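In: A predicted structure for the sequence below; I have some questions about it.
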Amino acid sequence: MKKLITIISIMLISFAPEIISAQTAEEIISKVIQAHGGEKKLRSVGNLVIKGKAHRPDNTGPKVTLQFVIKYPEKYHQSFKIQMNDNQSTHAVFASNGMTHWNVNPMFGIEEPAELSSFEALEKKHELDSLIPFIEKDNIRVVEYKGSHEEEKKVYFVLKVEYKDGFSADYFIDTESFLISKRRQIHRTDEGQEREQIFMLGDYRDVDGIRFPFEFRTTTSSLVYTMDSYEINVSDLDDSIFEMQKKQ
């Protein structure tokens with residue numbers, strides 16, 4: 001019996017790459033949507049209000065509290081309150097009404113609302129795509145299955161997604177859970193330089209039937225982002241937060 005189990009195990013290992021490669025982009029996308037809550041549930045999300053915090057792994061440096069507000073399909077408002085070690089605080093805002101992408105970021109000398117560059121706007125527009133994945137098919141030009149990728153003893157499906165607005169990214173899908181584990185994007189800045197950014201998502205939890213990540217990490221920051229709560233379809237959402245307003 002032990003010999004038979006060993007033979008079966010060897011066969012499964014030998015054929016695993018063929019099983020993985022037999023997947024198509026459409027099949028993977030369908031399973032990803034189902035794993036994240038199903039198409040009906042995901043399409044029912046009109047807005048999200050997400051609250052959380054960010055810190056360095058060693059708990060040194062500034063403490064950050066954050067709130068992300070997303071109104072689908074194209075509006076967002078990201079606010080960050082940054083508490084420095086000397087008890088001084090500052091804030092940053094990144095937002096869009098769907099047409100104008102803007103920010104306030106005193107740490108970089110931007111004291112009043114100013115429009116983002118085209119490169120920055122494209123990044124911010126797609127930053128949280130992974131929360132409600134692959135539903136807005138009209139915004140996607142093509143999806144290519146690039147095969148499987150093994151990393152730290154885990155295997156991922158890799159989908160290259162090209163959007164109609166010129167943005168593109170590789171999505172790494174956990175082959176067991178079909179949840180999005182990582183997204184890698186490489187594109188050119190307004191100055192023509194290539195920039196790579198990797199988002200890592202984890203600690204998925206169920207919120208009203210939808211699976212959301214409660215931890216984010218990115219290669220462009222040393223911070224770990226942990227979410228405290230997700231609110232779905234908030235009824236009293238103030239649309240004015242998406243509009244760029246000049247200081248009085």
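Out: Arrived safely. Residues are numbered from 1 along each chain as shown.
In: ranges for the strands of the protein?
Out: 47-55, 63-71, 75-83, 89-96, 101-105, 110-115, 140-151, 154-163, 168-174, 180-188, 194-207, 210-218, 224-232 (DSSP state E).
In: Tell me the strands beside the last one, with direction?
Out: Within its sheet, strand 224-232 is paired with strand 47-55 (antiparallel), strand 210-218 (antiparallel), according to DSSP bridges.
In: I'd like the ones you listed laid out as CSV, including distance to residue 80 and mean neighbour count.
Out: Bear in mind the C-beta positions are built from the backbone N, C-alpha and C, glycine included. Below are the strands paired with strand 224-232 laid out as CSV (distance: least, CB to CB, whole Å; neighbours: other CB atoms under 10 Å):
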stretch, distance to residue 80, mean neighbour count
strand 47-55, 8, 18
strand 210-218, 13, 19
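In: so can I have TSV of those strands showing mean pLDDT and distance to residue 79?
Out: Listed next are the strands paired with strand 224-232 as TSV, based on pLDDT from 0 to 100; distance: least, CB to CB, whole Å:
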stretch	mean pLDDT	distance to residue 79
strand 47-55	95	10
strand 210-218	95	16
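In: Can you check which of those strands gets nearest to residue 78?
Out: The closest of these to residue 78 is strand 47-55. By CB to CB, the value is 9.3 Å.
In: what's next to that closest one, contact-wise?
Out: With contact meaning CB atoms under 8 Å, 6 or more residues apart in numbering, strand 47-55 is reached by 61, 63-72, 80, 131, 214, 223-234, 237.
In: How about stretch 111-127?
Out: The contact list for stretch 111-127 (CB under 8 Å, 6+ apart) reads 74, 76, 78, 93-94, 96, 100-104, 163, 165-167, 169, 185, 187-190, 195, 197, 199, 244-247.
In: ok, now stretch 72-81?
Out: Under the contact criterion CB under 8 Å, 6+ apart, stretch 72-81 has outside partners 45-47, 54, 64-70, 89-98, 124-125, 127-128, 132, 136, 139, 239, 241-242.
In: Okay, now the unreliable bits of this protein?
Out: 1-22, 86, 188-190, 247-248 (pLDDT under 70).
In: What sits closest to residue 33 if chain neighbours are left out?
Out: Nearest non-adjacent residue to residue 33, counting by CB to CB, 6 or more residues apart in numbering: residue 39, 5.4 Å away.
In: got it, and residue 105?
Out: Closest to residue 105 by CB to CB, 6+ apart is residue 92, at 4.5 Å.
In: What is the neighbour count of residue 134?
Out: By other CB atoms under 10 Å, the residues close to residue 134 number 22.
In: what's the closest non-adjacent residue to residue 29?
Out: Residue 29 sits nearest to residue 134 (CB to CB, 6+ apart), 5.0 Å away.
In: Same check on residue 106?
Out: residue 90 (5.1 Å).
In: Tell me how far that neighbour lies from residue 194.
Out: Here the criterion is CB to CB, to the nearest Å. By it, residue 90 lies 30 Å from residue 194.
In: What of residue 176?
Out: 33 Å.
In: before we move on, back to that, would you check how far apart the residue nearest to residue 33 and residue 68 are?
Out: Remark: distance between residue 39 and residue 68 (CB to CB) = 23 Å.
In: Comparing those two, which shows the higher neighbour count?
Out: Under the criterion of other CB under 10 Å, the comparison of residue 39 against residue 68 puts residue 68 first, with 21 against 13.
In: for that one, what are its contacts?
Out: 48, 49, 50, 52, 76, 77, 78, 128.
In: for residue 37, same thing?
Out: Contacts of residue 37 by CB under 8 Å, 6+ apart are 209, 210, 211.
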